[in-house]
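# Structure of the sequence below:
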Amino acid sequence: MATLKPPTNTHRSSSSSSGPPKAPLKADPTATIADNVVFQGIYPVTIGANTVIHPRAKFYAFEGPIVIGDGCIISEKATIGAPPTSSSRSTSPSPSQSPTESTPTPKKEFMIRISYFVTIGPSSTIEPGVHIHSSATIEALAIIRRGADIGSHAKVCSACEVAGGSVGEWVVVYGSGPGMRRKRARAAKPISPAVVGAALTAQTALPASAPAGKVIEDARLMVLQKEREVLGRMLVPAVRKK
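Below you'll find the model as predicted:
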């Protein structure tokens, strides 16, 4: 499958030389990144294998590094991080500052970590300091506030807001605003992602011994894998045959 190569120094980031700095970017060669994704900041942004970044997504690494795991989908107009402020663009003193002048206290880093198989919906916002664990889903227009911790296989529904704190594993946040929470049905022993991937590669069904309560979630992950493959082909211009 054709894939878009990681952005080079000429990759568009919608910032001029006089504007906000471009964030250092390290993307796996198998990642698919739309040409008009914005990468700004002073900390590094890392994109994992087979992750798909939709057009007009924005990454603001002004308060800490951003790490995106393998197999994620970052949808259109999603915002990861926070736009720059006058104090967040630089943490070091000006080169013209004399040694006798007071130097600013180093700022605390607020790293954003998004683990593998996470889906971030369109126009959603992930603020600095957030950790989203594996296979979680953040739907469209959701807001995850600073310092929040979203557990594995959790789901934050459209237009909900998680104002810090934690959302447990397999918990669904639904409704409007802070919303309500409930546990998703699951089995005691999940199927590992390796087993799911092997079944998908071989185009075979999941093992017959798979716990009934986990089959739906594993099927969802398999569908997401297919979705990533299709998105990769859609975002990459067709290669003309000579």
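# I'd like to know the beta-bridge partner residues of Val171.
Lys183 (DSSP bridges).
# what's around it, how many residues?
Close neighbours of Val171, defined as other Cβ atoms under 10 Å, add up to 18. In this view, the C-beta of every residue, glycine as well, is placed from N, C-alpha and C.
# Pretty sure Gly165 is one of the things it touches, is it not?
No: Val171 lies out of contact with Gly165 (Cβ atoms under 8 Å); the separation is 11.7 Å.
# any idea how this structure splits into domains?
The record's domain parsing of the chain by automatic domain parsing lists 1-90+108-185, 193-235.
# tell me the most buried of those domains?
Highest mean neighbour count of these: domain 1-90+108-185, a mean of 19 (counted as mean count of other Cβ atoms under 10 Å).
# what's the weakest-modelled helix or strand in this structure?
Every helix and strand in the chain was compared by mean pLDDT, DSSP states H and E; the lowest is helix 193-201, with a mean of 53.
# returning to that earlier point: the domains of the chain: lowest mean pLDDT?
Note on the domains of the chain: lowest mean pLDDT is at domain 193-235, with a mean of 60.
# separation between the spatially closest residue to Pro55 that is not a sequence neighbour and Val171?
Nearest residue to Pro55, sequence neighbours excluded (Cβ to Cβ, 6 or more residues apart in numbering): Ala34, at 4.0 Å. Ala34 is 31 Å from Val171, where distance means Cβ to Cβ, to the nearest Å.
# can you check Ala49 too?
Distance from Ala49 to Val171, by Cβ to Cβ: 28 Å.
# In three-state terms, label Gly234 for me.
Slight slip there: residue 234 is Met, not Gly. State at Met234, reduced to three classes by DSSP: H, G, I helix; E, B strand; the rest coil: helix.
# Identify the residues contacting it.
Going by Cβ atoms under 8 Å, 6 or more residues apart in numbering, Met234 touches no other residue.
# Same check on Arg181?
Neighbouring residues of Arg181 by Cβ under 8 Å, 6+ apart: 167, 171-174.
# Show me which of the residues you listed is closest to Ala27.
Set against Ala27, the nearest of those by Cβ to Cβ is Val167 (28.0 Å).
# returning to what we had before: in this structure the residue nearest to Pro55 contacts Ile53, no?
Yes: contact between Ala34 and Ile53 holds when scored by Cβ under 8 Å: they sit 6.0 Å apart.
# Please identify every residue contacting each of the two.
By Cβ under 8 Å, 6+ apart, Ala34 and Ile53 have no common neighbours.
# Return the member of the contacts of Arg181 nearest to Asp149.
Distances from Asp149 to the contacts of Arg181, taken by Cβ to Cβ, are shortest for Val167, at 7.2 Å.
# could you measure the closest one against Val38, distance?
Distance from Val167 to Val38, by Cβ to Cβ: 27 Å.
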